[in-house]
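Trainee: Fold the stuff below for me.
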Amino acid sequence: MRESQGHEWLTGWTRERPPTLERSFVPSEAWAITTGLRGHLEFRDSGLAEATSGALGTQYVRFIGDPAVADHGWHAHDLDFQFFYVLQGSMVSEVGPGELHTVSAGDAGYLPGLFWHSEHSFSADYEAIALRSPAAIETFNDPSAPLPERERELEPERCAVITATHVDDGVAGGPGRLLCCDLGTREPTGGRIVMHVVGAGPSGVDTGWDVCTGAQWIVVVAGAAELYVDEDAPRRLQRLDSMRIEPNVRTRCSSPSGFRALRLVIPV
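Mentor: This is a model prediction of the structure:
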């Protein structure tokens, strides 16, 4: 896919000037309930927006409405990066006239900025992790109205990337011996954001010590793991626990079969 985000991002985020992260653990219960665009969705915020001065936001999203009437309609967000990863349930992502994708647990999607799309046909048990840059956005709901002037700067052929490859189909290419599936964000973000799903194989895994040169944000999406970071005491991470880790520190992960995590890397 052609790189579609070569323009300057709204936050000034470039490959050479990325946002920074400081080490922090955020347990699932600390994700704060927050407001969102849709009344049929519940939103809980991970605190990443505050940690990055608004450069990047992440939320847990849960469907709480009536599946028979929930339809987002065609809309576009003024942003640079929008991504979702389905935890359970399903919904339909419509990314062009007649181009419908039914996404379910383990599926992911990237959508560029000022791109018309729609989501509908939610299952009652739908849950997802949503990410975007910047954290605060403006949304347009009338396809007949003009978009902001900066839309002319964007790649006219920009498109969505829907990834239906699950970590079980991946290879041992992640940190240590973790299974790893790339979620296709490196090229469309101009190398700013690299996202994977990583997990343990059938026999579990102990990765040994590994050093990532980029900043990391990790959220557990299934199972549990013991995470070691430098000289810190090991920390047990379970579903929806998240961890921010600064660049160039040693990490080690020990986990049984069934562990899965969504991993965002900001190259520096």
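
Trainee: make it CA atoms for all contacts and neighbour counts henceforth
Mentor: Fine.

Trainee: Which residue comes closest to the residue positioned nearest the centre of the chain once chain neighbours are left out?
Mentor: The centre of the chain sits closest to Leu131, judged by CA atoms, centre = their mean, with a distance of 4.4 Å. Distances taken as CA to CA, 6 or more residues apart in numbering put Thr58 closest to Leu131, at 4.4 Å, once the chain neighbours are dropped.

Trainee: Please apply the same query to Gly36.
Mentor: Phe43 (6.2 Å).

Trainee: For the one you found, what is the enclosing helix or strand?
Mentor: Secondary structure from DSSP states H and E places Phe43 in strand 41-45.

Trainee: Which elements pack onto the lowest-mean-pLDDT helix or strand in the chain?
Mentor: Here the helix or strand of the chain ranked lowest by mean pLDDT, DSSP states H and E is strand 161-163, holding a mean of 85. Other helices and strands packing on strand 161-163, by 3 or more CA pairs under 8 Å, 6 or more residues apart in numbering; DSSP states H and E, are strand 108-111.

Trainee: What's the first helix or strand after the strand it packs on?
Mentor: Next element after strand 108-111 (DSSP H and E): strand 118-120.

Trainee: same question for that following strand, mean pLDDT?
Mentor: Strand 118-120 shows a mean pLDDT of 90.

Trainee: partner strands of whatever helix or strand comes next after that strand, parallel or antiparallel?
Mentor: Beyond strand 118-120 in the direction of the C-terminus, DSSP H and E gives the next helix or strand as strand 127-133. Partners of strand 127-133 in the sheet, by DSSP bridges, are strand 57-63 (antiparallel), strand 81-88 (antiparallel).

Trainee: hmm, who's touching the helix or strand hosting Val103?
Mentor: Element membership for Val103 (DSSP H and E) is strand 100-104. The contact list for strand 100-104 (CA atoms under 8 Å, 6 or more residues apart in numbering) reads Val86, Leu87, Gln88, Gly89, Ser90, Met91, Val92, Ser93, Glu94, Ile162, Ala164.

Trainee: which residues does Ile61 bridge with?
Mentor: I think there's a mix-up here, since residue 61 is Val and not Ile. Phe43, Ala128.

Trainee: wait, doesn't it sit right on Leu131?
Mentor: No. Using CA atoms under 8 Å, Val61 is not in contact with Leu131, being 10.4 Å away.

Trainee: what do these two both touch?
Mentor: Common neighbours of Val61 and Leu131 (CA under 8 Å, 6+ apart) do not exist.

Trainee: quick one: the residue located most distally from the centre of the chain from Glu94, how far?
Mentor: Distance to the chain centre peaks in the chain at Ser144, reaching 29.6 Å (criterion: CA atoms, centre = their mean). Distance of Ser144 to Glu94, given as CA to CA, to the nearest Å: 18 Å.

Trainee: No further questions, thank you.
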